[in-house]
Each structure stands twice: as structure tokens, then as C-alpha cells.
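**Q** Got a predicted structure plus its sequence, pasted below:
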Amino acid sequence: MFFHKDQSEMSAVYNEISTIPFSSEDNLESNSEKDSKASSPASGFQRCRVSTVILGLLAVVQLAVIICLALHIEANNKNVTEEKDELKRALNDSSLQLNSLTQGNDKLKKINSEIVARSKNLTEDRNELKAKLDDLVSRQNTMIEERDNLTRINADTQTSCRRISLERDQLRERLNILAQPGWIIFRQSAYYMSSTTKTWQESRDHCRSLGTDLMIINSKEEQVFANGFKKYMWIGLTDSEGEGRWKWVDGTPMNTNYWSENEPNGKTEENCADIKSFEIESSWNDESCSHKLNWICEMKLNP
Ligand code: 2F8
Ligand code: CA
């Protein structure tokens, strides 16, 4: 098609050239002169020859152009073919890569699905284990609390057991003592009246050896009870630590007293108290502690 277009163009050029005057002088000539020359056979031959040469030259030029165009087209076709082949190869490569990527993506999707499923399972397992662990920790804390409580209860029980055991032993000992002859129970105490005489301190030591002490009188009833023994005897009252500051053997101060008339009168010479005038309610007398008298011990039954 390109070639045909060139040919028609060349024909048009040729037609135009054939109408062109051969020199400028020709243009200056009048139409009449032109008409006379055109009618000459020599000039017609010359014009024909020039036209032929021009046509030949044009043909050569046309041929050269055609050859150039053909070469150019061929080169262009070659390039286009090469580009097409290259594009085909690239397309093939891209197709292969696309297939490979698609397969890779499918594999990755499958792996991803598996991982998601495993992750879900693992999460469920983890939550289950965490719940079990929380339960175990809670139970462990409860057991620790129970153990601590039991340990405390056990320690308290052991302490109570030791205390009760001690009390039992003391009660047994006191029971053995009370089982001996000479003990008389009055209200909340048991009393032992000696059958021999001793100093105030020796008398006290004897009472203490029995787990008791000299008698403490802290009520009128007890005073009357003591007088009832009708014995000149030591009681648990002394001012040895300070003249006139009479105290009972348990350390309590003497508040109520049953001194006989004009007693106590021994000042620093008589620092221990006894029951002397037992026929009357106020029977107490102060006496030298080294004096030897009977004595009376008192054991409290509910100390
Ligand atoms: O009872 C009165 C008085 O009797 C004696 O003194 C004479 C006593 N002393 C002795 O027995 C050593 C006094 O303590 C007592 O006050
Ligand atoms: Ca006295």
C-alpha cells in the first residue's frame, strides 16, 4: 500500500514537471514566440530528451527511495519481530512466574489456614490450661491457708495440751497432798494444821514444800474458821520488809485486820503474826519470827 501511494505521488510530480518551462528566458517570451518555437521539431526533440533524462533521474531517485524504504521497513520489521519475540518470551516468563506465584500463594494460603487452625487450637489449649492453672493456684492458696490454720490450731492445741498436762500433774500432786491426813476443806481452800512447832520461816518452808503457803485471812468467816482450830499458830502475815507495813505472803497488803487489843506491839522485835487469843474474834498478835509455834497452811482449790 505504501508503494502504491509513492507511485501515484511520483506520477503527479512527473505531470507537473512536464509543464515547467526550461529557462527563464522562456517565461519572457511572448505567447506568440512560444507558439512559434513549439512548432519547431528540434526543440521538441530536445525537450523530449531532457524529459527522458529527468524521468530517468526521478526513477533512480524513486528506486533509491524505495530501496531505502524497503531496507528501513525490513529493519523495522526485524526489530518489531525481535521485540515481539522478546515480548513473547517475557510474556511466557511472566506467565510462568504468575503460575509459580499463584502456586506459591495457594501453598501459602493453605499453610496460613493450617497455622490459623493450629493457632486457634493452641489458644484454646492455652486458655484451658490457664483456667486449670488458676484453679490449681486457687486450690493451692486455699490449702496453704488451711495448712496455716491447722498449723496454728496444732500449735495452740500442743500449748493447751502441755498446759493441761501440767495442770493435771499439779492437780495429781495436790490431790496426793490433800489425800494425806490433817487437811480440812473450807469453802474454796484446804487447810493443814501442823502437829509440831517451827519458826515462822521454817513453817512457811514446810507449807511451800507442799505447794502451798501459810494461811492468808481475808474474810471474817475465814478468821472465825481459823480461831476454831484453837491453836497458838503462825499465819502468813509479816512486816519484815518494812516496820508497820504488814503484808501477806502472796504480796498483798493487809487491809482488814483482827489484831488483839494493844497489838501489834513488838515493833522491830516482833515482825511475824500469829493467832494467840483464839477465844475471841480479834486474835492476832505480833511475835518474834524465831519463836517456835504451830502453823497453818492454806491451799487454794481454784487458784
Ligand atoms: O500477848 C501479849 C504479849 O505477850 C508476850 O509478851 C509478854 C508476847 N511476847 C512473847 O511471847 C515473846 C508479846 O508478843 C505479846 O504481845
Ligand atoms: Ca505482840
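**A** Received, thanks. All values derive from a computational prediction rather than experimental measurement. Numbering: from 1, shown residues only. Ligands and ions are numbered 1, 2, ... in the order given.
**Q** and the stretch 151-300 of the chain, which of its residues are near ligand 2?
**A** Residues of the stretch 151-300 of the chain lying close to ligand 2 by CB under 5 Å from the ion are 263, 265-266, 270, 285-286. The way it works is simple: take the backbone N, C-alpha and C, and place the C-beta from them, glycine included.
**Q** which of these are buried?
**A** Neighbour-count burial (16 or more other CB atoms under 10 Å) applied to these gives 263, 266, 270, 285-286.
**Q** Give me the subset of those residues lying in strands.
**A** 285-286 (DSSP state E).
**Q** Closest one to residue 137 out of the buried ones among the residues of the stretch 151-300 of the chain next to ligand 2, please.
**A** residue 286 (76.0 Å; CB to CB).
**Q** Roughly how far does the residue nearest to the closest one when sequence neighbours are not counted sit from residue 155?
**A** Once flanking residues are discounted, residue 286 sits nearest to residue 264: 3.5 Å by CB to CB, 6 or more residues apart in numbering. Residue 264 sits 52 Å away from residue 155, going by CB to CB, to the nearest Å.
**Q** Looking at the two, which has the bigger crowd around it?
**A** residue 264 (20 against 10; other CB atoms under 10 Å).
**Q** residues contacting that one?
**A** Residue 264 sits next to 239, 246, 270, 273, 284-286 when contact means CB atoms under 8 Å, 6 or more residues apart in numbering.
**Q** residues near the residue of the stretch 101-250 of the chain at minimum distance from ligand 1, how many?
**A** Closest contact between the stretch 101-250 of the chain and ligand 1, by CB to the nearest ligand atom, is at residue 232 (9.8 Å). If you count neighbours by other CB under 10 Å, residue 232 ends up with 17.
**Q** and if you look at residue 296?
**A** 23.
**Q** What of residue 297?
**A** A count of nearby residues for residue 297, using other CB under 10 Å, gives 27.
**Q** just residue 269 next, same as before
**A** So residue 269, with other CB under 10 Å, has 10 neighbours.
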